[in-house]
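S.K.: here's a sequence, model it:
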Amino acid sequence: MLHGSCLCGAVRFDVAGDLKPPDACHCTQCRKSSGHYFSSTDVARTALTVHGAEHVTWYRSSEKVQRGFCATCGSSLFWDPIGNERIGIAMGAFDGPTGTRQYIHIHVATKGDYYDIADGLPQNPQ
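M.R.: You can find the predicted model right below:
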C-alpha cells in the first residue's frame, strides 16, 4: 500500500498495489496547472482510496479530462480522463519511495523554453 497527500494534508490517498512507471507531460495545460511539467502514474480507480475527498476541487480542462487539486492548499493531485477505468496521480504527492521510475516524456513539442530534458529517456512530441 502506498500513501500520499496534498501539501496541507486535507486530502490523503492510498493506492493498493504497485505503480506503473510514470510519464512526464510537458503540454501547456499540465505546465500551467502544475507550475512545471506534470509527472504522474495511472492507477485503476478501484486501487485508489481518497480521504478528504470533499477538499478536492475538480477543474474540467477539456471535454475528456478533469484535474483534481486540493481546495485548501492548491496542490495538483489528479489527472482524470472522464469515463476511464484509470486515473492519474501526481508523483510528487506520494509520501516516501514509490518503487518506480519515470519512463518517458510526452508532449515535448510544447515544453517550456526555460529547461532542457537531458535524462536520456524517450521523448514523444505528442
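
S.K.: give the contact list for the most centrally placed residue in the chain.
M.R.: By CA atoms, centre = their mean, the chain has its centre lying nearest to residue 90, at 2.7 Å. Contact partners of residue 90, counting by CB atoms under 8 Å, 6 or more residues apart in numbering, are 34, 38-40, 75-79. (Each C-beta comes from the backbone N, C-alpha and C, glycine too.)

S.K.: tally of neighbours for residue 114?
M.R.: A count of nearby residues for residue 114, using other CB atoms under 10 Å, gives 6.

S.K.: returning to what we had before: show me the beta-bridge partners of the residue nearest to the centre of the chain.
M.R.: residue 40 (DSSP bridges).

S.K.: quick one: it from residue 116, how far?
M.R.: For residue 90, the distance to residue 116 equals 22 Å [CB to CB, to the nearest Å].

S.K.: for the chain, which segments are assigned as strands?
M.R.: Assigned by DSSP state E, the strands in the chain fall at 2-5, 12-15, 23-25, 38-44, 48-51, 56-60, 65-70, 76-81, 86-90, 104-106.
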